[in-house]
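In: return a 3D structure for these sequence lines:
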Amino acid sequence: MVATGSLSSKNPASISELLVCGYHPESLLSDFDYWDYVVPEPNLNEVIFEESTCQNLVKMLENCLSKSKQTKLGCSKVLVPEKLTQRIAQDVLRLSSTEPCGLRGCVMHVNLEIENVCKKLDRIVCDSSVVPTFELTLVFKQENCSWTSFRDFFFSRGRFSSGFRRTLILSSGFRLVKKKLYSLIGTTVIEGS
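Out: Numbering: from 1, shown residues only. A predicted model of the protein is given here:
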């Protein structure tokens with residue numbers, strides 16, 4: 001039986017048509033009641049959970065950049081475009097949604113591409129109690145701005161060189177590569193801009 005707008009309204013004309021065709025009234029009413037409850041209500045807890053997971057992932061990425069700025073990048077400031085880490089976190093969640101363990105089965109390698117050379121920043125394990133099922137390689141990109149190159153050249157011999165040379169500006173572009181660890185399915189690449 002297919003529920004349509006006219007049948008789900010429980011109007012007497014529609015019900016009498018079905019009675020003529022041999023349907024029993026008891027089963028009709030239970031079928032109509034069934035269709036009244038079949039459409040699930042949106043699960044607001046799931047939306048809130050996904051939003052909090054996304055925010056936690058954003059914090060993990062920002063902490064990775066913060067830790068790396070002095071230890072691996074040798075700079076005092078990293079300027080990140082607005083919403084970049086938010087976009088990356090959403091892409092990571094989308095890529096992990098098809099995995100058996102979801103985000104918990106993810107190991108993320110975070111890199112920075114500076115002048116066509118990738119520098120490893122960190123390795124993030126989302127849940128160490130779960131055997132990883134896939135790897136993500138995130139590549140941040142440095143902003144190629146002529147002003148920063150000119151500024152570094154201009155101030156390289158002056159007293160301002162140490163402060164200016166230590167600011168890294170990230171581009172809004174990034175690359176995210178997914179590699180399944182226990183599957184023959186190929187690699188997925190996302191280029192963000």
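In: where does pLDDT dip in this structure?
Out: 1-49, 145-165, 186, 193 (pLDDT under 70).
In: and if we set it to 50?
Out: Low-confidence segments of the chain, defined by pLDDT under 50: 1-10, 28, 32, 34-39, 42-44, 47, 146, 149-164.
In: the longest helix in it is where?
Out: The residue-count maximum for a helix in the chain (DSSP state H) belongs to helix 44-71.
In: for it, name the packing helices and strands.
Out: The contact analysis (3 or more CB pairs under 8 Å, 6 or more residues apart in numbering; DSSP states H and E) places helix 44-71 against strand 77-79, helix 84-96, strand 106-114, strand 117-125. C-beta here means a position set from N, CA and C on the backbone, and glycine is covered the same way.
In: just want the angle from that helix to strand 106-114.
Out: 40 degrees (axes from the mean of the first three to the mean of the last three CA atoms, to 10 degrees).
In: for helix 44-71, list every residue counted as buried.
Out: By 16 or more other CB atoms under 10 Å, the buried positions in helix 44-71 come out as T53, C54, L57, V58, M60, L61, C64, L65, S68, K69.
In: go on, stretch 77-96?
Out: Here stretch 77-96 shows V78, V80, L84, T85, R87, I88, A89, D91, V92, L93, L95, S96 as buried, counting by 16+ other CB under 10 Å.
In: adding distance to L170, write these out as CSV.
Out: Formatted as CSV, the buried residues of stretch 77-96 follow (distance: CB to CB, whole Å):
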residue, distance to L170
V78, 7
V80, 5
L84, 7
T85, 10
R87, 12
I88, 11
A89, 15
D91, 16
V92, 17
L93, 21
L95, 21
S96, 23
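In: farthest pair within these?
Out: The span of those, defined through CB to CB, is set by V78 and S96 at 25.2 Å.
In: pretty sure I114 contacts F140?
Out: No - the pair I114 and F140 fails to qualify as a contact (CB atoms under 8 Å) at a distance of 9.4 Å.
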